[in-house]
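Student: Attaching a predicted model along with its sequence, questions to come.
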Amino acid sequence: MITIKSPQKARQLIAKTKAKGLCLGFVPTMGALHRGHLSLIRKARAESDFLIVSIFVNPLQFGPKEDFRKYPRKIKQDRASLLKEGVDLLFFPESAAIYPEGASVFVYEDRLSKVLCGKSRPGHFKGVSTVLVKFFNIINPDIAYFGQKDYQQGVIVKKLVADLNYNIKIKILPIIREDDNLAMSSRNVYLDDKARIKSRCIYQSLALARNLIRKGRRDTDKIILEMTQLIRSKARVKIDYIQILDANSLTKLNLINGKTLIAVAIYIDNVRLIDNIIINVKK
Ligand code: PAF
């Protein structure tokens, strides 16, 4: 595995690889790799000739009061995992190479970014969109892989690729869960044992919604109310949102119909956790 920090050098090596007609797979990450990342990397490894993984804790996608400084950084461990997975290139840039002094051009998606996490984390998706456009320009992958846990991010990336005319296939892969059903996330390390027990209410509320829908319930307000009551009965947590939206347009649904996103964000002891399920209800 080659490790490159410089965007220029990465671009040169990748241009040579592309010239050979190889299929380039790309998995962007912020490191602290877990089984969720590894599932993306394994799928990408199986589908591409040359596999690039980036590790970059992107300062632009963190709010001023968020956890940029304490975000887990485990480069030694991550490098070992990437080597084991047969990754060809680790792109590991410095912040200054991605955001040069005086940088004033940013990318902002103007509709899908305004709901769900975009409401509670202003500027977050501007940071994600900007860094991904930079990475797509440097790496020029054929396929890029993202996890369904950040479902909204995946929808925004697909829109960004379509609207900005990139020739990149975006693949969103299923959520990988811990044994207690908590969605895998680099932030799970912040949770102590008590918080971890509280976190079970997230998946329980999603499972409840799925059961209600399977039994024929379609009224989203009532389903959200039951999910809220379940969470409140299980643990003292701060609910950021519980929403049921059209999974493509991310617009609110009154009655469930078609491909539906059920998304939850809660704070447990100041740790923000998100999770979701997608349900297809025949129209
Ligand atoms: O999902 C993430 O880890 C990040 O948002 C990403 C896509 C690597 C951009 O910084």
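Tutor: Looks like it came in fine.
Student: okay, CA-based contacts and neighbour counts for the rest of this
Tutor: Noted.
Student: okay, now the residue of the stretch 101-250 of the chain found nearest the ligand: neighbour count?
Tutor: Closest approach of the stretch 101-250 of the chain to the ligand (C-alpha to the nearest ligand atom) occurs at residue 128, with a separation of 4.9 Å. Neighbours of residue 128 under the rule other C-alpha atoms under 10 Å: 20.
Student: All further residue positions should be reported with the first residue as 57.
Tutor: Okay, residue one is now 57; in that scheme the one you just asked about reads as residue 184.
Student: Surely it touches residue 115?
Tutor: No. In this structure, residue 184 is not within contact of residue 115 by C-alpha atoms under 8 Å, at 9.7 Å.
Student: Can you get me the start-to-end distance on stretch 153-168?
Tutor: Stretch 153-168 has an end-to-end distance of 28 Å (criterion: C-alpha to C-alpha, to the nearest Å).
Student: again with stretch 97-111
Tutor: Per C-alpha to C-alpha, the first residue of stretch 97-111 is 13 Å away from its last.
Student: Near the ligand, which residues of this structure are found?
Tutor: 84-86, 114, 184 (C-alpha under 6 Å from any ligand atom).
Student: now, among these, which is nearest to residue 248?
Tutor: Checking these against residue 248 by C-alpha to C-alpha gives residue 86 as the nearest, at 22.1 Å.
Student: Now residue 183. Its backbone dihedrals?
Tutor: Per-residue torsions, residue 183: phi -70, psi -40 (degrees, to the nearest 10).
Student: Now do the contacts for it.
Tutor: Residue 183 makes contacts with 114-118, 162-163, as judged by C-alpha atoms under 8 Å, 6 or more residues apart in numbering.
Student: JSON lines for these, including secondary structure, distance to residue 279 and pLDDT?
Tutor: Formatted as JSON lines, the contacts of residue 183 follow (DSSP: H, G, I helix; E, B strand; the rest coil; distance: C-alpha to C-alpha, whole Å; pLDDT from 0 to 100):
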{"residue": "114", "secondary structure": "coil", "distance to residue 279": "36", "pLDDT": "98"}
{"residue": "115", "secondary structure": "helix", "distance to residue 279": "37", "pLDDT": "98"}
{"residue": "116", "secondary structure": "helix", "distance to residue 279": "35", "pLDDT": "98"}
{"residue": "117", "secondary structure": "helix", "distance to residue 279": "32", "pLDDT": "98"}
{"residue": "118", "secondary structure": "coil", "distance to residue 279": "32", "pLDDT": "98"}
{"residue": "162", "secondary structure": "coil", "distance to residue 279": "38", "pLDDT": "98"}
{"residue": "163", "secondary structure": "coil", "distance to residue 279": "36", "pLDDT": "98"}
